[in-house]
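1. here is the input, now give the coordinates:
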Amino acid sequence: MKIFLKLKHWQLFLIWIFAEIIFIATSSTPIWILTTGLFGFTIIGWIYSIGKVINNLNGKNRIENYKEDLWFILYLISVIPFGFFFRNMHSPEPMNGFLSFSAGLVGFISMIKLVNFSAKVLNQYESKRDLKFADYSNEFFLIVFMIIGIWIIQPKMNKIIDKK
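-> Now for the predicted structure:
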């Protein structure tokens with residue numbers, strides 16, 4: 001996962017954009033599942049690697065018992081029903097509403113927990129103290145709005161990784 005943090009901001013941005021273009025171009029082909037995985041992994045992999053790698057570098061300020069691996073796996077599992085729905089969009093049988101809602105809710109909660117963890121760990125690494133949400137809300141929103149956040153957060157990540 002450290003590979004995401006070693007990339008320059010423009011490289012990560014280009015990988016993300018190319019993965020999105022490939023995802024859109026192959027959505028109705030037999031390799032749609034591979035491109036969906038590539039696109040999703042670039043987004044969630046970057047967010048997850050920020051939290052996981054920087055938390056291991058935190059030392060005494062390390063956040064324990066957050067279960068970021070569980071949230072990462074839950075997010076990946078919650079995307080599966082949408083992949084099957086997207087593939088069978090033209091079928092007369094609609095997706096089950098309860099399945100759609102519950103998978104979306106689990107995915108949303110998992111993503112928010114991962115973004116929260118990554119933002120908190122990043123800011124805690126820089127400030128070396130326990131934080132409240134108001135202290136790391138800037139990083140939280142930069143990660144949520146990834147198209148802007150990559151250009152600001154990734155250079156910070158490069159400096160942290162280069163130091164270690």
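2. now do the helices in this structure.
-> 2-6, 9-25, 32-57, 68-87, 97-127, 133-144, 146-163 (DSSP state H).
3. mean pLDDT for those: which is lowest?
-> Of all those, the minimum mean pLDDT falls on helix 68-87 (a mean of 71).
4. what angle do that helix and helix 97-127 make?
-> 140 degrees (axes from the mean of the first three to the mean of the last three CA atoms, to 10 degrees).
5. got a list of contacts for helix 68-87?
-> With contacts defined as CB atoms under 8 Å, 6 or more residues apart in numbering, helix 68-87 is touched by 27, 32-33, 36, 40, 44, 48, 51-52, 55, 95, 99-100, 103-104, 106-107, 110-111, 113-114, 117. In this view, the C-beta of every residue, glycine as well, is placed from N, C-alpha and C.
6. need the buried ones from those selected in PyMOL.
-> Of those, the buried ones can be selected in PyMOL as follows, counting by 16 or more other CB atoms under 10 Å:
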select buried, resi 36+40+44+48+51+52+55+95+103+106+107+110+111+113+114+117
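7. OK, contacts around K164?
-> Contacts of K164 were listed using CB under 8 Å, 6+ apart, and they are L57.
8. and it, how far from K6?
-> 11 Å (CB to CB, to the nearest Å).
9. next one: the residue nearest to the spatial centre of the chain from S118, what distance?
-> In the chain, the residue lying closest to the centroid (CA atoms, centre = their mean) is I44, at 2.4 Å. According to CB to CB, I44 and S118 sit 11 Å apart.
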